[in-house]
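Trainee: Show me the folded form of this:
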Amino acid sequence: MKSVAQILKSKPVQAVLTIAPSDSVYYAVKLMAEKSIGALLVMEGEKIAGIVTERDYARKIVLMGRSSKETPVRDIMTSDVMYVRPDQSNEECMALMTDNRLRHLPVLDQGKLIGLISIGDLVKDIISEQKFIIDQLEHYIRGDR
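Mentor: Just a heads-up that it's a prediction; the model follows:
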């Protein structure tokens, strides 16, 4: 079972893209599209103010007939952001995401943002662990040394 810190180290890109609460939703969606990501952390200085996702855009802009160029991110972001620490396990993160229907979790170390993990990161890690165990069991069954 890997820790969040180990999962972050295995990610090819560790930088967390952020946006300001006053930035337009259009800018947020454009940035997510350019970077092929599904969420941006909304920051006020060093503090997490919220998170904005593609789901927020679909539900709070498109379906409500609002203008993405005129609406600030603060109007559609989720303000109550759950987070994890680097020492927590992939299983703890998966449970938190599943129970709360989340796809992204910021990683804070002593109150400082150090990364962001997604459900995809966790699934990839869990599949990798399971593959390793299966390979080991196959070697054992075959009697390989």
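Trainee: And the longest helix belonging to the chain, what's buried?
Mentor: For the chain, the longest helix by residue count, based on DSSP state H, is helix 119-142. Across helix 119-142, burial judged by 16 or more other Cβ atoms under 10 Å covers 119, 121, 122, 125. In this view, the C-beta of every residue, glycine as well, is placed from N, C-alpha and C.
Trainee: cool, stretch 25-33 as well?
Mentor: Buried residues in stretch 25-33 (16+ other Cβ under 10 Å): 25, 26, 27, 28, 29, 31, 32.
Trainee: Check what contacts that stretch and list those residues.
Mentor: With Cβ atoms under 8 Å, 6 or more residues apart in numbering as the test, stretch 25-33 has contacts from 17, 19, 38-40, 52, 54, 57, 61, 66, 68-69, 71-73, 75-76.
Trainee: how about the helices of the chain, start to end?
Mentor: Counting by DSSP H, the helices of the chain are 4-10, 25-35, 54-57, 90-100, 119-142.
Trainee: Using CSV, list the CA coordinates for the longest one.
Mentor: The C-alpha atoms that make up helix 119-142 are tabulated as CSV, following Å, rounded to 0.1, in the frame of the first residue of the first chain:
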residue,chain,number,x,y,z
ILE,A,119,-9.0,9.2,-9.0
GLY,A,120,-7.1,8.2,-12.1
ASP,A,121,-3.8,8.4,-10.2
LEU,A,122,-5.2,6.1,-7.5
VAL,A,123,-6.7,3.6,-9.9
LYS,A,124,-3.4,3.4,-11.8
ASP,A,125,-1.5,2.8,-8.6
ILE,A,126,-3.9,0.2,-7.3
ILE,A,127,-3.9,-1.7,-10.7
SER,A,128,0.0,-1.6,-10.6
GLU,A,129,0.0,-3.1,-7.1
GLN,A,130,-2.5,-5.8,-8.1
LYS,A,131,-0.5,-6.7,-11.2
PHE,A,132,2.7,-7.0,-9.1
ILE,A,133,0.9,-9.4,-6.6
ILE,A,134,-0.5,-11.5,-9.5
ASP,A,135,2.9,-11.8,-11.1
GLN,A,136,4.4,-12.8,-7.7
LEU,A,137,1.7,-15.5,-7.2
GLU,A,138,2.2,-16.8,-10.8
HIS,A,139,5.9,-17.2,-10.1
TYR,A,140,5.2,-19.0,-6.9
ILE,A,141,2.7,-21.3,-8.5
ARG,A,142,5.1,-22.2,-11.3
